[in-house]
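> got a structure for you, letters missing:
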């Protein structure tokens with residue numbers, strides 16, 4: 001009986017996910033209608049996502065749930081020291097020279113495996129991912145997958161401009177915190193002006209790009225306001241991703257949006273979505289609520305760190321398998337991932353932006369239990 005319930009839940013989730021992927025691609029087509037290069041790419045990508053969806057459904061029928069999304073932290077090095085950075089808090093980003101990280105060839109293999117399994121989106125993060133041009137080129141060689149690249153914007157040069165123009169599946173996503181005061185306060189003096197110059201350059205060249213915003217109790221009204229969004233859209237931004245701030249220590253807990261702020265954010269986003277088609281808005285974990293809980297642990301995405309460890313998500317850095325030693329497909333069936341998907345840890349209310357971080361003691365207990373079996 002329990003097995004039947006899980007299979008039904010997986011089937012319902014799969015249907016919801018497929019609808020979500022179709023909507024993202026449809027919205028992207030609408031947002032790029034005035035750009036022939038981008039529209040041509042998304043028409044081809046739409047065909048690729050249909051093929052990927054069919055592959056995921058085939059695996060689902062065989063009893064394997066395959067996510068459409070993957071997050072890859074391709075380096076641990078970062079040149080900025082942003083206030084409240086989760087990656088530095090959990091030591092997955094640092095000033096040290098990276099040691100024993102996955103090579104460009106290994107990432108190329110991961111991307112190829114993901115393509116064969118029906119993954120449609122791989123989000124590249126770090127550290128600062130633009131430091132790994134070898135990985136960017138590997139991603140560009142995997143045209144059936146869309147790669148949003150979460151970057152602080154400090155390493156763009158002519159080589160990257162040429163690469164992004166040639167490989168339209170690479171989409172830079174610039175980290176911004178609101179206006180000049182909020183952005184410079186968190187990311188460093190002068191960063192806001194640098195980002196605006198980058199945006200203007202992207203717009204002039206017809207480059208599709210997005211913006212990633214860490215939402216806190218201090219900036220949630222500004223970054224969801226029509227005025228702020230209009231600044232981004234006017235400068236050619238066609239994708240805005242809101243990520244709730246996750247407090248990684250007690251001193252930061254006051255910055256995490258509370259229930260009333262989340263409701264305000266959700267209402268603002270829905271208003272924009274219903275009013276304009278020239279920009280795509282995504283929200284985490286806000287959009288997950290419609291899907292019955294956290295999407296991590298392979299429900300709809302998982303994370304590979306720069307050393308190859310397969311983790312539930314970037315905010316939950318626990319792993320019992322490394323993709324150096326096994327295939328991507330086998331990694332998704334690790335004991336930790338299976339337990340997370342079947343024992344209810346991905347469900348329920350919590351404070352902050354990550355349910356697995358809130359339940360980290362229970363995740364550690366699962367990890368330790370499985371290591372003893």
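Thanks, I have it. Keep in mind it's a predicted model, so treat the numbers as computed, not measured.
> Show the residue spans covered by the strands in this structure.
Taking DSSP state E as the criterion, the chain carries its strands at 69-73, 121-125, 147-151, 170-175, 210-215, 239-244, 280-284, 303-304, 310-311.
> Which one of these lies nearest to residue 193?
strand 170-175 (12.7 Å; C-beta to C-beta). C-beta here means a position set from N, CA and C on the backbone, and glycine is covered the same way.
> Note down every partner strand of the closest one and its orientation.
strand 147-151 (parallel), strand 210-215 (parallel) (DSSP bridges).
> could those strands be laid out in JSON lines, adding mean pLDDT?
Shown next, in JSON lines, are the strands paired with strand 170-175 (pLDDT from 0 to 100):
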{"stretch": "strand 147-151", "mean pLDDT": "96"}
{"stretch": "strand 210-215", "mean pLDDT": "95"}
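> Make CSV from the ones you listed and add mean neighbour count and distance to residue 107 to it.
CSV is the format used below for the strands paired with strand 170-175 (neighbours: other C-beta atoms under 10 Å; distance: least, C-beta to C-beta, whole Å):
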stretch, mean neighbour count, distance to residue 107
strand 147-151, 23, 11
strand 210-215, 24, 21
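> and residue 52, which of the strands of the chain is closest to it?
That would be strand 121-125 among the strands of the chain, by C-beta to C-beta, at 9.5 Å.
> so what does the closest one touch, helix or strand wise?
Packing partners of strand 121-125 (3 or more C-beta pairs under 8 Å, 6 or more residues apart in numbering; DSSP states H and E): strand 69-73, helix 133-140, strand 147-151.
> could the ones you listed go into CSV alongside distance to residue 247?
Putting the helices and strands packed on strand 121-125 into CSV (distance: least, C-beta to C-beta, whole Å) gives the following:
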stretch, distance to residue 247
strand 69-73, 20
helix 133-140, 30
strand 147-151, 20
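> closest one to residue 94 among those?
Of all the helices and strands packed on strand 121-125, strand 69-73 comes closest under C-beta to C-beta, at 12.2 Å.
> That closest one packs against which elements?
Strand 69-73 sits against helix 104-117, strand 121-125, strand 303-304, with contacts defined as 3+ C-beta pairs under 8 Å, 6+ apart.
> okay, those in a markdown table with distance to residue 220 and mean neighbour count next?
Output for the helices and strands packed on strand 69-73, formatted as a markdown table (distance: least, C-beta to C-beta, whole Å; neighbours: other C-beta atoms under 10 Å):
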| stretch | distance to residue 220 | mean neighbour count |
| --- | --- | --- |
| helix 104-117 | 33 | 18 |
| strand 121-125 | 22 | 24 |
| strand 303-304 | 25 | 24 |
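> export the strands of the chain to a markdown table and tack on distance to residue 331?
Below are the strands of the chain laid out as a markdown table (distance: least, C-beta to C-beta, whole Å):
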| stretch | distance to residue 331 |
| --- | --- |
| strand 69-73 | 11 |
| strand 121-125 | 14 |
| strand 147-151 | 19 |
| strand 170-175 | 24 |
| strand 210-215 | 26 |
| strand 239-244 | 24 |
| strand 280-284 | 22 |
| strand 303-304 | 8 |
| strand 310-311 | 4 |
